[in-house]
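[1] Sequence first, predicted model second:
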Amino acid sequence: METGEPSFDGKGGPGRTARGARWLVAAGLVGALGCGGMHGSPPSSDEGAETTRFTSASACEGCHAAGPGVLRDAAGRDVSPTATWRSSIMANSARDPYWLAVFSRELQAHPEAADHIDATCTRCHAPAASEELAQSRGSHTGLERVLEGDTAVDVLGREGVTCTVRGDGKGPPSRAVRG
């Protein structure tokens, strides 16, 4: 049984879904992302990025990475905060193929609501980029920047939800959304 998903149809009800089309878009995005996108590979978060409000997760590794006998379990596996974060849904929220497919589909289905869709989706899935642009320019990020942008803000957006944007107040105070 197919269930509807929230849609930005302006009526507050469930949007129409097309399972086959959704998977086709997802496969296309996975293929494009896996091949470095259509315009070459944008900088990765491994290269690090920083703005006045946020810093890349790679900066955390200096203190929070596993070492010999440190932050490892009894079997010697890396259980450091950075290692467990990198494989989490939080770290991959802006690169998740299913989310990217749904995001792309909503933009195609409702071009008149593109700004609203971009702002709504990236607020949670690319929060550092969303918040940085909102605070510095009064704007927001969007699908194109998440996929192919090359600025520090875009790189931070692709990192998904990092400790510097956590909403629970447990992120590092030195970089947690500074005013």
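    Cool, got the structure.
[2] any idea how far V153 is from H110?
    Here the criterion is C-beta to C-beta, to the nearest Å. By it, V153 lies 25 Å from H110. For every residue, glycine as well, the C-beta is placed using N, CA and C.
[3] Have a look at these two and say which one is more surrounded.
    For V153 and H110, the more surrounded residue by other C-beta atoms under 10 Å is V153, and the numbers stand at 23 against 16.
[4] pLDDT weak spots in this structure?
    Within the chain, the stretches with pLDDT under 70 are 1-48, 166-179.
[5] what do you get if the cut-off is 90, keeping everything else the same?
    Within the chain, the stretches with pLDDT under 90 are 1-65, 69, 134-140, 162-179.
[6] can you give me the helices for it?
    Along the chain, the stretches classed as helices by DSSP state H are 19-34, 61-64, 81-86, 97-109, 114-125, 127-137, 143-148, 152-158.
[7] Single out the most deeply packed of these.
    The highest average neighbour count among these, using mean count of other C-beta atoms under 10 Å, belongs to helix 152-158 at a mean of 25.
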